[in-house]
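Asks: Sequence first, then the predicted structure, then my questions.
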There are 2 protein chains.
Amino acid sequence: MQPYTPGEQAAPGKTIKLNTNENPYPPPKAVVEAIQHAATGAINRYPDPVATSFRRAAANALGLPGPEWILAGNGSDEILTMLVRGFVGEGQRLRLPYPSYILYRTLADIQGADWEQVAFEDGWQLPAAFGKTENDVRLVFLPNPNSPSGTVVPPAEIEQLASTMTCPLVVDEAYADFAEANCLDLVQKHENILVTRTLSKSYGLAGIRFGFLVAQPQVITELAKIKDSYNCDMISIAAATAAMGSQEWLAEVVAKMNATRSRLSERLATLGFNVTPSQANFVWCQHPSGDHQGMYDFLKKNQILVRYMKFPEWGDGLRISVGTDDQIDACLMMLENYLKKNA
Amino acid sequence: MQPYTPGEQAAPGKTIKLNTNENPYPPPKAVVEAIQHAATGAINRYPDPVATSFRRAAANALGLPGPEWILAGNGSDEILTMLVRGFVGEGQRLRLPYPSYILYRTLADIQGADWEQVAFEDGWQLPAAFGKTENDVRLVFLPNPNSPSGTVVPPAEIEQLASTMTCPLVVDEAYADFAEANCLDLVQKHENILVTRTLSKSYGLAGIRFGFLVAQPQVITELAKIKDSYNCDMISIAAATAAMGSQEWLAEVVAKMNATRSRLSERLATLGFNVTPSQANFVWCQHPSGDHQGMYDFLKKNQILVRYMKFPEWGDGLRISVGTDDQIDACLMMLENYLKKNA
């Protein structure tokens, strides 16, 4: 079995990391203070097994009826693993769109399950076939915004697709804070629509590993049975609780990053790239020259990491995370240099 | 499916918690400082996916050949889950001794696997049958020291049992720092002997969720493929690294707790209990009256939590964690009161 390969890591300070969609800005001060305060607390005791303080804060911040609609996890990675373990048995099948987030396939492989891909149509829309599930399809994943495209399937279309499914639809909203729409309202209307979120992107907390699931309470109760007893540690619970209480900070950082995203998209277009309009904190772009591997290598040699992605029978391109304006300027300058040299 | 029920949690400061084998003492100062320092670091970036700093420090502290002998996990719970997922398929089987740690059974249930128990013999020794595995037994768990007994199967006997097994033997050494012997040396001699450790007990870090596996490098490599990409967060990696560098602190705390354990054992015997000689940070005791449930209820009413455990077709008793001397005195006084009232 081939394991999932996460994005490259680099020594901080040396390399400009625009490859794993981290937030370039430090997290809210309240988070740092919460961690430092928690460090002096009862860390010799087991943490709250169900992260009550976080779930209350998250329900409040997201306008959900209550904490019983939320399951906290050690990163949304753990939530995705729980979902596969809970819904997909050995030999059963999960479905995902294509091109999309390949981790879902790895999770199926680990589980001894199968997976199938349904291709996006032109314009990153989904065909009705995506919602037509047969018996052996037990779970459907839809990243929304999608990666690598950064595009969004409108909630109304997702509702329609889910209505024809015989299994749960997991809408992976890792990047939803950067988008114009999300599916939280749909969760309250439909038992088979589940939403996952992470604090790694918009909240700037990739280092603490915290994600969560939003689903109807009876779904949360069943899934909680298969999690490790104490899956979230007391420090990260304190940090995540403080993060959910920092909605003003979130709005400011998202506005700033979305402005940088617009500038990045426009300047990439000026350099001749085909740029997919993004609602996430990254931009997917393809150059008519097709020399994406060369650009990736050149950037890397100059200590700028972006993601080169190749999808068999579909194509390749660069996925560039939204960094600070300075980081993006450095990346654009290098791309311009490369294109001039190779014109 | 019935989920695993962890020990009761209580509001700190009010209740004397002697029920989940936590360390009653705060962790080393170096750990608190490491957390506070890490909080000001790059927590917007993903952590080291393989916890290199921790694995180096652990290999050094434990006298292992190198970090490639160690896999870090989000608590040893996550390590145990990985082992079951890695070695036991649906319909296959794991083996554990009886009476022992029932979480293994829950992990089998979650996996859709079966489990079987082999009873300890008198004196908490294991029969040769424990080492006779058939084809469908794919993994054997042995907590050593065992819970609830606190007893240890000598490494030489474990080596003998493992030599007749056709599958891996996981020696769960959650409590080994309190014991006279452990199986780390055996791991270097036998590919099918794996050891799990936790920082929740001896290091006083139940709140941060950190455990690890010690196994031959080729075993570590395979198991690492099924873990979540970033399973340990950067704060807990920093804390765990500092903990492994605090071996003097560890020796002092273990000596202090083992002295309290001796006193607890002797005084329980004076009160008429049959006390199993323990090499862990808890003591298993049974009273000739058989009124363990009554004692548990009385202690709980007086804000002292111990663990009442009942093993079908075997018996029941109380498992009392080693707290501070004051906490143990309070518990013993209450037990004495109860026994006098009900004499």
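Replies: Structure's in. What do you need? The model shown is predicted, which means the values in this text are computed figures rather than measured ones. Numbering: from 1, shown residues only, chains lettered A, B, ... in the order given.

Asks: Send me the helix or strand encompassing A:Leu83 as CSV with only the CA atoms.
Replies: A:Leu83 is part of helix A:75-87 when elements are defined by DSSP states H and E. The C-alpha trace of helix A:75-87 is given here as CSV (Å, rounded to 0.1, in the frame of the first residue of the first chain):
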residue,chain,number,x,y,z
GLY,A,75,-7.5,17.4,13.4
SER,A,76,-10.2,16.9,10.8
ASP,A,77,-7.9,14.0,9.6
GLU,A,78,-9.1,12.1,12.6
ILE,A,79,-12.7,13.0,11.9
LEU,A,80,-12.3,11.7,8.3
THR,A,81,-10.8,8.5,9.6
MET,A,82,-13.7,8.0,12.0
LEU,A,83,-16.2,8.5,9.3
VAL,A,84,-14.5,5.9,7.1
ARG,A,85,-14.3,3.5,10.0
GLY,A,86,-17.8,4.1,11.0
PHE,A,87,-19.5,3.9,7.7
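
Asks: and it, how far out from the chain's middle?
Replies: 14 Å (CA atoms, centre = their mean, to the nearest Å).

Asks: Which neighbours in the sheet does the next helix or strand after that helix have, and how are they oriented?
Replies: Next helix or strand after helix A:75-87 toward the C-terminus (DSSP H and E): strand A:93-98. Sheet pairing of strand A:93-98 (DSSP bridges) gives strand A:114-119 (parallel), strand A:137-143 (parallel).

Asks: Now the element after strand A:93-98, going C-ward?
Replies: Beyond strand A:93-98 toward the C-terminal end (DSSP H and E), the next one is helix A:103-111.

Asks: which other helices and strands contact that next one?
Replies: With contacts defined as 3 or more CB pairs under 8 Å, 6 or more residues apart in numbering or on different chains; DSSP states H and E, helix A:103-111 has these neighbours: helix A:75-87, strand A:93-98, strand A:114-119. In short, each C-beta sits where N, CA and C put it, glycine included.

Asks: From the chain's centre, how far out is the second one? Work that out for me.
Replies: If you compare the mean C-alpha spot of strand A:93-98 with that of the full chain, they lie 16 Å apart, counting by CA atoms, centre = their mean.

Asks: orientation of the helix holding A:Leu83 relative to strand A:114-119 in degrees?
Replies: Orientation check (axes from the mean of the first three to the mean of the last three CA atoms, to 10 degrees): helix A:75-87 against strand A:114-119 gives 120 degrees.

Asks: for helix A:75-87, which positions count as buried?
Replies: A:75-87 (16 or more other CB atoms under 10 Å in any protein chain shown).

Asks: Need the max-distance pair from the residues you listed.
Replies: A:Gly75 and A:Phe87 (18.9 Å; CB to CB).

Asks: for chain B, what are the nearby residues on the stretch 201-343 of chain A?
Replies: A:204-209, A:224-226, A:228-236, A:239 (CB under 8 Å from any CB of the partner chain).

Asks: Which members of these are positioned in helices?
Replies: Here DSSP state H is the test, and those give A:224, A:234-236, A:239 as lying in helices.

Asks: and which of the residues you listed is nearest chain B?
Replies: A:Met234 (4.0 Å; CB to the nearest CB).

Asks: helices or strands next to the longest helix belonging to chain A in the packing?
Replies: Ranked by residue count, the top helix of chain A under DSSP H comes out as helix A:247-270. Helix A:247-270 is packed against strand A:274-275, strand A:282-286, helix A:325-341, with contacts defined by 3+ CB pairs under 8 Å, 6+ apart.

Asks: switch to 10 Å and redo it
Replies: Helices and strands touching helix A:247-270, by 3 or more CB pairs under 10 Å, 6 or more residues apart in numbering or on different chains; DSSP states H and E, are helix A:29-38, helix A:52-62, helix A:234-244, strand A:274-275, strand A:282-286, strand A:315-321, helix A:325-341.

Asks: ranking the ones you listed by burial, who's on top?
Replies: helix A:234-244 (a mean of 26; mean count of other CB atoms under 10 Å in any protein chain shown).

Asks: by how many degrees do it and helix A:29-38 diverge?
Replies: Between helix A:234-244 and helix A:29-38, the angle comes out at 150 degrees (the same axes, to 10 degrees).

Asks: For helix A:234-244, give the mean pLDDT please.
Replies: Across helix A:234-244, pLDDT averages out at 98.

Asks: what's it packed up against?
Replies: When contacts are defined as 3+ CB pairs under 10 Å, 6+ apart, helix A:234-244 sits against helix A:29-38, helix A:52-62, strand A:70-73, strand A:211-214, helix A:247-270, helix B:234-244.

Asks: tell me the angle of the fifth one relative to helix A:325-341?
Replies: Looking back up the chat, that one is helix A:247-270. Using the same axes, to 10 degrees: helix A:247-270 against helix A:325-341 is 10 degrees.

Asks: For helix A:247-270, buried residues please.
Replies: So helix A:247-270, judged by 16+ other CB under 10 Å, has buried residues A:249-250, A:253-254, A:257-258, A:260-261, A:264-265, A:267-268.

Asks: So, low pLDDT: which residues of chain A?
Replies: Counting by pLDDT under 70, chain A contains low-confidence ranges at A:1-2, A:9-13.

Asks: repeat that for 90
Replies: Residue ranges of chain A with pLDDT under 90: A:1-14, A:134-135, A:343.

Asks: Check which helix or strand the residue most central in space within it maps to.
Replies: For chain A, A:Ala174 is the residue whose C-alpha lies nearest the centre (CA atoms, centre = their mean; 3.0 Å). For A:Ala174, there is no enclosing helix or strand under DSSP H and E.

Asks: is any part of the helix holding A:Leu83 close to chain B?
Replies: Yes: using CB under 10 Å from any CB of the partner chain, helix A:75-87 reaches chain B at A:75-82, A:85-86.

Asks: Return the angle between stretch directions for that helix and helix B:103-111.
Replies: Going by the same axes, to 10 degrees, helix A:75-87 makes 70 degrees with helix B:103-111.

Asks: What is the neighbour count of the closest residue to A:Ala72 other than its chain neighbours?
Replies: The spatial neighbour of A:Ala72 that comes closest, neighbours along the chain excluded (CB to CB, 6 or more residues apart in numbering or on different chains), is A:Ala51 at 3.8 Å. The number of residues packed near A:Ala51 is 28, by other CB atoms under 10 Å in any protein chain shown.

Asks: Next up, the contacts around A:Ala51.
Replies: A:57-58, A:67, A:70-73, A:210, A:212, A:230-234, A:236-238, A:240-241 (CB atoms under 10 Å, 6 or more residues apart in numbering or on different chains).
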